[in-house]
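Trainee: What shape does this take:
(chains A and B)
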Number of protein chains: 2
Amino acid sequence: MNPYMEKANKEAEKGMHLNDGGPFGAVITDKKGNIISIAHNTVLKEKDPTAHAEINAIRMACKKLNTYDLSDYILYTSCEPCPMCFSAIVWANIKDVYYACNRKDAASIGFRDDAIYSYLAGENKDLLHLHPIDRENCISLFQTYQEEGGEIY
Amino acid sequence: MNPYMEKANKEAEKGMHLNDGGPFGAVITDKKGNIISIAHNTVLKEKDPTAHAEINAIRMACKKLNTYDLSDYILYTSCEPCPMCFSAIVWANIKDVYYACNRKDAASIGFRDDAIYSYLAGENKDLLHLHPIDRENCISLFQTYQEEGGEIY
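Mentor: Next comes the predicted model:
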């Protein structure tokens, strides 16, 4: 078994037994194999629906490295990232992700990862309701940002 | 203009001028119209790639209300949520979202929202590389979680 995945899975088990959240763990390493962060899901403990293992590991690594750019790092996660975590991984510029269980496994124990993926693939449109309003009043701010050379990340 | 969207847009402008992050703001209200949280993007300031306006607003509202369940709340955001924020909104159980600018507007000033949406719709597969490994070593934890009646959220 991959040693980083083993650590991610042990972290998932630890979080589950602490009742911090669901059975999910993640590890971020550099390309030499040094571990930068290890985290588990803390949604229940922190009452924060965004506190998935991967999000926690990314936030922890960014704090430790004092950057929002994890281009040179690798993420291991005990379950395929949900679309929230997947997108966070992209925003963090991580390019390689190793995962063990998958979205169907998560669905089989009741988590909605697969339902969110379905919505984003164009199905399951009742998941929530998105209402476009007031674009004409807000779009000028984007133009200002661009004109002022605002940073893109 | 919707008064909550006006506040979201003002918050976006404030964050931009503070150089805290991109030009994005969000407001969460209850169904009576009371404002629970107002937040802007703080990716640059906090060096946290997950600190989008909607994520910040959700975390702030959950902290204030001491819950991870925002079923009875509404989110206003100055730009269509990226897939990370969209999924965080689903995990928080928010059902109604009002947005102003859209993913194409965000792309037009350089942000990758649209590229992530494309990946999730089955295109743009080079965005990152996902490698499945070791499922057979990790899946038993999911079974244990279910057998022990672990909470689903």
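Trainee: which phi and psi does A:Glu80 have?
Mentor: phi -40, psi 130 (degrees, to the nearest 10).
Trainee: One more: A:His129?
Mentor: Note on A:His129: its backbone torsions stand at phi -120, psi 120 [degrees, to the nearest 10].
Trainee: same question, A:Asn19
Mentor: Phi and psi for A:Asn19, reported as degrees, to the nearest 10, are phi 60, psi 30.
Trainee: That one contacts A:Val43, correct?
Mentor: No. Using C-beta atoms under 8 Å, A:Asn19 is not in contact with A:Val43; the gap is 10.8 Å. The way it works is simple: take the backbone N, C-alpha and C, and place the C-beta from them, glycine included.
Trainee: Regarding chain A, what is its longest helix?
Mentor: Using DSSP state H to define each element, chain A has its longest helix at helix A:3-17.
Trainee: Show me what it is packed against.
Mentor: strand A:25-30, strand A:35-40, helix A:53-65, strand A:73-79, strand A:96-101, helix B:135-147 (3 or more C-beta pairs under 8 Å, 6 or more residues apart in numbering or on different chains; DSSP states H and E).
Trainee: Give me the contact status of the first one with chain B.
Mentor: So that's strand A:25-30. No. Applying C-beta under 8 Å from any C-beta of the partner chain, one finds strand A:25-30 out of contact with chain B, separated by at least 9.0 Å.
Trainee: elements contacting that strand?
Mentor: When contacts are defined as 3+ C-beta pairs under 8 Å, 6+ apart, strand A:25-30 packs onto helix A:3-17, strand A:35-40, helix A:53-65, strand A:73-79.
Trainee: among these, which is the most enclosed?
Mentor: strand A:73-79 (a mean of 29; mean count of other C-beta atoms under 10 Å in any protein chain shown).
Trainee: Can you list the neighbours in contact with whatever helix or strand comes next after that strand?
Mentor: Per DSSP states H and E, strand A:73-79 leads on to helix A:83-91 as the next helix or strand towards the C-terminus. Residues outside helix A:83-91 that contact it (C-beta atoms under 8 Å, 6 or more residues apart in numbering or on different chains) are A:50, A:52-55, A:58, A:75, A:77, A:81, A:97, A:113, A:116-117, A:120, A:153, B:43, B:49-50, B:82-88, B:91, B:112, B:115-116, B:119-120, B:127-128.
Trainee: can you do 7 Å?
Mentor: Helix A:83-91 has contacts (C-beta atoms under 7 Å, 6 or more residues apart in numbering or on different chains) with A:50, A:52, A:54-55, A:58, A:75, A:81, A:97, A:116-117, A:120, B:49-50, B:82-84, B:87-88, B:91, B:112, B:116, B:120, B:127-128.
Trainee: quick one: it to helix B:53-65, angle?
Mentor: Using axes from the mean of the first three to the mean of the last three C-alpha atoms, to 10 degrees, the direction of helix A:83-91 lies 130 degrees away from that of helix B:53-65.
Trainee: before we move on, back to that, and A:Asn19 and A:Val43? which has more neighbours close in?
Mentor: Comparing A:Asn19 with A:Val43 by other C-beta atoms under 10 Å in any protein chain shown, the one with more neighbours is A:Val43, at 24 against 11.
Trainee: May I have the phi/psi pair for the more buried one?
Mentor: Main-chain dihedrals, A:Val43, degrees, to the nearest 10: phi -60, psi -40.
Trainee: Check the burial of the nearest residue to it once chain neighbours are set aside by counting its neighbours.
Mentor: Ranked by C-beta to C-beta, 6 or more residues apart in numbering or on different chains and with sequence neighbours excluded, the top spatial neighbour of A:Val43 is A:Gly21, at 4.3 Å. By the criterion of other C-beta under 10 Å, A:Gly21 has 25 neighbours.
Trainee: I'd say A:Gly21 and A:Lys47 touch.
Mentor: No. Applying C-beta atoms under 7 Å as the test, A:Gly21 and A:Lys47 come out as separate, 10.2 Å apart.
Trainee: for the closest residue to A:Gly122 other than its chain neighbours, what are its contacts?
Mentor: Spatially, and ignoring its direct neighbours in sequence, A:Gly122 is nearest to B:Ala121 (6.4 Å; C-beta to C-beta, 6+ apart). For B:Ala121, the contacting residues are A:Leu120, A:Ala121, A:Gly122, by C-beta under 7 Å, 6+ apart.
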